[in-house]
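A.B. asks: kindly generate the corresponding structure for this input.
(chains A, B and C)
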Amino acid sequence: MRRTPAYTYARIWSVVEQIPLGYVATYGDVAQGAGIPGRARSVGYALHALPPGIEIPWHRVINGRGTISLSGHAAREQARRLRVEGIPVVGMRIDLKAYRWRGGNRSLRH
DNA sequence: GCAATGACGCTCT
DNA sequence: CAGAGCGCCATTG
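C.D. replies: I've put the predicted structure just below:
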(Lines give C-alpha, C1' and ligand atoms only; values in the text may rest on other atoms or scores of the structure.)
Protein backbone atom coordinates (compact mmCIF):
# COMPACT_ATOMS: atom_id res chain seq x y z
CA MET A 1 0.00 0.00 0.00
CA ARG A 2 1.49 3.18 -0.97
CA ARG A 3 1.10 6.14 1.24
CA THR A 4 -0.63 8.51 -1.07
CA PRO A 5 -0.43 11.89 0.63
CA ALA A 6 -4.07 12.91 0.52
CA TYR A 7 -4.93 9.40 1.54
CA THR A 8 -2.96 9.73 4.72
CA TYR A 9 -5.20 12.58 5.78
CA ALA A 10 -8.33 10.45 5.81
CA ARG A 11 -6.41 7.84 7.72
CA ILE A 12 -5.30 10.35 10.32
CA TRP A 13 -8.77 11.77 10.71
CA SER A 14 -10.22 8.31 11.18
CA VAL A 15 -7.78 7.67 14.01
CA VAL A 16 -8.63 10.95 15.70
CA GLU A 17 -12.29 10.00 15.51
CA GLN A 18 -11.52 6.99 17.64
CA ILE A 19 -10.11 8.91 20.56
CA PRO A 20 -12.62 8.27 23.36
CA LEU A 21 -14.25 11.13 25.17
CA GLY A 22 -12.33 12.05 28.28
CA TYR A 23 -8.98 11.11 26.80
CA VAL A 24 -6.33 12.77 24.68
CA ALA A 25 -3.67 11.54 22.28
CA THR A 26 -0.47 13.09 21.06
CA TYR A 27 0.30 13.85 17.44
CA GLY A 28 2.87 11.09 17.57
CA ASP A 29 0.32 8.62 18.90
CA VAL A 30 -2.10 9.46 16.12
CA ALA A 31 0.65 9.14 13.54
CA GLN A 32 1.53 5.73 14.85
CA GLY A 33 -2.09 4.68 14.91
CA ALA A 34 -2.49 5.88 11.35
CA GLY A 35 0.37 3.73 10.24
CA ILE A 36 2.87 6.50 9.69
CA PRO A 37 5.06 6.44 12.80
CA GLY A 38 7.47 9.31 13.08
CA ARG A 39 5.37 11.66 11.00
CA ALA A 40 3.69 13.54 13.81
CA ARG A 41 4.18 16.62 11.75
CA SER A 42 1.95 15.35 9.02
CA VAL A 43 -0.73 14.79 11.63
CA GLY A 44 -0.63 18.41 12.63
CA TYR A 45 -0.79 19.39 9.01
CA ALA A 46 -3.73 17.08 8.37
CA LEU A 47 -5.67 18.45 11.33
CA HIS A 48 -5.00 21.99 10.26
CA ALA A 49 -6.45 21.05 6.89
CA LEU A 50 -9.61 19.63 8.43
CA PRO A 51 -12.68 20.51 6.38
CA PRO A 52 -15.01 22.85 8.30
CA GLY A 53 -18.19 21.40 9.66
CA ILE A 54 -16.84 17.87 9.94
CA GLU A 55 -17.33 16.20 13.32
CA ILE A 56 -13.92 15.16 14.52
CA PRO A 57 -12.57 15.60 18.07
CA TRP A 58 -9.45 17.44 16.94
CA HIS A 59 -9.26 19.06 20.36
CA ARG A 60 -8.25 15.74 21.88
CA VAL A 61 -4.96 15.87 20.06
CA ILE A 62 -2.05 17.57 21.80
CA ASN A 63 1.70 17.46 21.50
CA GLY A 64 4.05 15.02 23.17
CA ARG A 65 4.84 17.40 25.97
CA GLY A 66 1.26 17.32 27.07
CA THR A 67 0.64 20.89 26.06
CA ILE A 68 -1.59 22.53 23.48
CA SER A 69 0.30 23.40 20.34
CA LEU A 70 -2.18 25.95 19.13
CA SER A 71 -2.10 29.61 19.96
CA GLY A 72 -4.44 32.47 20.61
CA HIS A 73 -8.15 31.87 20.27
CA ALA A 74 -7.76 28.35 18.91
CA ALA A 75 -5.76 27.32 21.98
CA ARG A 76 -8.39 28.72 24.33
CA GLU A 77 -11.08 26.91 22.38
CA GLN A 78 -9.26 23.61 22.63
CA ALA A 79 -8.61 23.99 26.36
CA ARG A 80 -12.26 24.88 26.89
CA ARG A 81 -13.51 21.81 25.04
CA LEU A 82 -11.18 19.55 26.94
CA ARG A 83 -12.37 20.89 30.28
CA VAL A 84 -15.93 20.35 29.16
CA GLU A 85 -15.06 16.71 28.61
CA GLY A 86 -13.63 16.44 32.09
CA ILE A 87 -9.96 16.88 31.30
CA PRO A 88 -8.18 19.35 33.58
CA VAL A 89 -6.08 21.85 31.68
CA VAL A 90 -3.57 23.74 33.78
CA GLY A 91 -1.94 26.56 31.96
CA MET A 92 -1.83 25.00 28.50
CA ARG A 93 -0.94 21.65 29.93
CA ILE A 94 -2.73 18.32 30.37
CA ASP A 95 -1.66 15.42 32.58
CA LEU A 96 -0.70 12.95 29.88
CA LYS A 97 0.20 10.34 32.43
CA ALA A 98 -3.45 10.18 33.44
CA TYR A 99 -5.39 11.10 30.30
CA ARG A 100 -3.31 9.81 27.43
CA TRP A 101 -5.31 7.48 25.28
CA ARG A 102 -3.73 4.14 24.67
CA GLY A 103 -4.95 2.53 21.50
CA GLY A 104 -6.11 -0.98 22.26
CA ASN A 105 -6.21 -1.69 25.95
CA ARG A 106 -2.82 -1.66 27.52
CA SER A 107 -2.60 -1.21 31.23
CA LEU A 108 1.13 -1.31 31.24
CA ARG A 109 3.45 0.71 29.13
CA HIS A 110 6.30 -0.91 27.33
C1' DG B 1 11.54 21.65 -9.19
C1' DC B 2 13.71 24.17 -5.29
C1' DA B 3 12.99 26.88 -0.90
C1' DA B 4 10.35 28.05 2.82
C1' DT B 5 6.84 26.91 6.32
C1' DG B 6 4.41 24.30 9.81
C1' DA B 7 -1.63 22.29 15.08
C1' DC B 8 5.55 17.75 15.89
C1' DG B 9 9.24 14.76 18.43
C1' DC B 10 13.58 13.64 20.51
C1' DT B 11 18.10 14.73 22.48
C1' DC B 12 21.47 17.72 24.34
C1' DT B 13 22.78 22.15 26.60
C1' DC C 1 11.79 24.60 32.28
C1' DA C 2 13.60 27.13 27.96
C1' DG C 3 16.40 27.04 23.57
C1' DA C 4 18.88 25.14 19.92
C1' DG C 5 19.76 21.46 16.57
C1' DC C 6 18.29 17.76 13.65
C1' DG C 7 14.94 14.61 11.48
C1' DC C 8 10.45 14.05 8.88
C1' DC C 9 7.25 15.11 5.31
C1' DA C 10 3.05 17.51 2.89
C1' DT C 11 1.72 21.89 1.01
C1' DT C 12 2.50 26.22 -1.15
C1' DG C 13 4.81 30.09 -3.71
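A.B. asks: which non-adjacent residue is nearest A:I19?
C.D. replies: Leaving aside its sequence neighbours, A:I19 sits nearest to A:R60 (CB to CB, 6 or more residues apart in numbering; 4.4 Å). Yep, even glycine has a C-beta here, placed from its N, CA and C like the rest.
A.B. asks: could you do A:V15 as well?
C.D. replies: Leaving aside its chain neighbours, A:V15 sits nearest to A:G33 (4.3 Å; criterion: CB to CB, 6+ apart).
A.B. asks: how much space between the one you found and A:Y23?
C.D. replies: Per CB to CB, to the nearest Å, A:G33 is found 13 Å from A:Y23.
A.B. asks: with A:A46 instead?
C.D. replies: 19 Å.
A.B. asks: of the two, who's got more company?
C.D. replies: The residue with more neighbours, out of A:A46 and A:Y23, is A:A46; 26 against 16, by other CB atoms under 10 Å.
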